[in-house]
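Trainee: test case, fold it:
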Amino acid sequence: MKGTTILVVCTLALALCATAFATTPPADTLKVDYFANANTASAPDGTVRIDNPGTSGGNLCAAIFVFDANEEMSECCNCLVTPDGLRTLSVNGDLTSNPANGTILNTGVIKIVSSKAQGGTCPNPTSPSNLVPTPAVRAWATHIQNSNFTITETGSQDATLSSTEQTELQNGCHAIHLVGSGTGICSCGTGD
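Mentor: This is a model prediction of the structure:
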């Protein structure tokens, strides 16, 4: 009886762990950064640089989600990054110039999800089939500081991508694509 109880408990524990791993996106898939003084007179433009180090074995997508200071998604897009490729995006020109609500941003948050390419392309990150988290993408951003517009650069911070966060990002981007009439779609910059 004791052996049966242990077997049942172990089997149940394995089933719970398997369920948790099946619904939790893999680690190293979400990068988070901020921007400040975007679209500000006399301030330089910030940049975001994205690299695929090639460790996933192929092309990746950098699904980009831009949020305003009120925590609302303003723009989203999905950019191809080939192994050892470098993509450079302008904060003013690529990430904040086409806001969904029409209000040009000055400060906000940028989230980047490293995702699997779909047949060599990166479809809009609006559904689970178009946003398949795959580890590897790296990102850096310049920051325009408040006091005298000094430029600093840092690596984007790793964060845990939960299945809830992934769904919220997809749904927010899907809403932009449905009602935006072309607004709210960022562009992928240069390179790669």
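
Trainee: from here on, just use CA atoms for contacts and neighbour counts.
Mentor: Fine.

Trainee: run through the strands of the protein in chain order.
Mentor: Secondary structure of the chain (DSSP state E): strands at 30-35, 47-51, 60-68, 73-81, 86-90, 108-116, 138-144, 151-155, 157-159, 190-191.

Trainee: need the pLDDT of residue 10.
Mentor: Model confidence at residue 10, expressed as pLDDT, equals 37.

Trainee: er, residue 123 I mean
Mentor: Looking at residue 123, its pLDDT is 94.

Trainee: neighbours around the spatially closest residue to it that is not a sequence neighbour, how many?
Mentor: With sequence-adjacent residues excluded and distances taken as CA to CA, 6 or more residues apart in numbering, residue 123 is closest to residue 130, at 5.9 Å. The number of residues packed near residue 130 is 19, by other CA atoms under 10 Å.

Trainee: now do residue 130 against residue 124, distance only.
Mentor: To residue 124, residue 130 is 7 Å away according to CA to CA, to the nearest Å.

Trainee: so for stretch 63-83, what gets flagged as buried?
Mentor: Applying a neighbour-count criterion of 16 or more other CA atoms under 10 Å, one finds 63-68, 73-83 buried in stretch 63-83.

Trainee: before we move on, what about stretch 129-140?
Mentor: Residues of stretch 129-140 classed as buried: 130, 131, 132, 133, 134, 135, 136, 137, 138, 139, 140 (neighbour count, 16+ other CA under 10 Å).
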